[in-house]
Every structure is written in C-alpha cells, then in structure tokens.
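> sequence? don't have it. structure:
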C-alpha cells in the first residue's frame, strides 16, 4: 500500500496535538517511519503539506512580509496585530528582507499581494505621467 505525502502529513498533524515532550517523541518515531519506508526524500513535501494542514486547522492566514531592512520584534508584533485586525483572523507571518524593496513593505498572501514599497509607488507615479 502506497502512503501519500498528505497521509504522512496528517499522521504528523495528529501527533502534534499532545504535549511538547510527546510531540518530540512522535517526531522521532515519525522520522524512523520515513526511513523505514524510504520516504526521507519526500520530507520537504510532507512538511509543506503539514504546514498547510496545521495553518488550516489553526485558521491562520499565511503571509510573507518583506521589508528592506530587518525589523525588530516590537515592530513585527505591531505589523502582525494590524494584519490580524484587518483580516479578522490569526496570521502566520514569515518575515523576509529584500534589498530591492528599498523602503516600505510588501505583504503577500495565498491569493493577494499588497505592495506598498517605494519602488511600487514610483512605478505607479511614472505610469500616471
């Protein structure tokens, strides 16, 4: 019987509902299971499916927030709080730094992009001229 990445991810998700100590033990068992079934190469795909399932279960909106420079923890909390208020749901934020942003912020979600960077604003202005 062939087990899909989704099935492995669901197995891992089920194991995540216990205590932290139990989860560590389950992770160890899970890795041994993957090794036994020669599925270690699929671990990245399994983790990606697990992340989506976990976020769906927690109803968190996955967002990538890109800035020109690293922002501190207080600013991160402020940004996340504002986004949770805007979207009326929990946000799973991934912060990234991209030198091409120059200034401002870019927020990308599963099906949208909010580009409030200096480069974007300059491009919009040049299109109007």
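Structure's in. What do you need? Remember, predicted model here, so these are calculated numbers, not experimental data.
> which regions of this structure lie under the pLDDT threshold?
In the prediction, the chain carries residues with pLDDT under 70 at positions 1.
> tell me the domain boundaries of it?
5-57, 59-128 (automatic domain parsing).
> Make CSV from those and add mean neighbour count to it.
Backbone N, C-alpha and C define where each C-beta goes, glycine included. Formatted as CSV, the entries for the domains of the chain read as follows, by neighbours: other CB atoms under 10 Å:
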stretch, mean neighbour count
domain 5-57, 14
domain 59-128, 13
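> in the protein, which spans are helices?
Assigned by DSSP state H, the helices in the chain fall at 5-15, 20-36, 43-58, 73-87, 118-128.
> Columns distance to residue 103 on top of those, output as a markdown table?
Written out in a markdown table, the entries for the helices of the chain read as follows (distance: least, CB to CB, whole Å):
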| stretch | distance to residue 103 |
| --- | --- |
| helix 5-15 | 38 |
| helix 20-36 | 40 |
| helix 43-58 | 30 |
| helix 73-87 | 14 |
| helix 118-128 | 4 |
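> out of these, nearest to residue 111?
Ranking those by proximity to residue 111 (CB to CB) places helix 73-87 first, at 12.2 Å.
> for the closest one, packing partners?
Counting contacts by 3 or more CB pairs under 8 Å, 6 or more residues apart in numbering; DSSP states H and E, the secondary-structure elements packed against helix 73-87 are strand 61-67, strand 91-97.
> Right, I'll leave it there.
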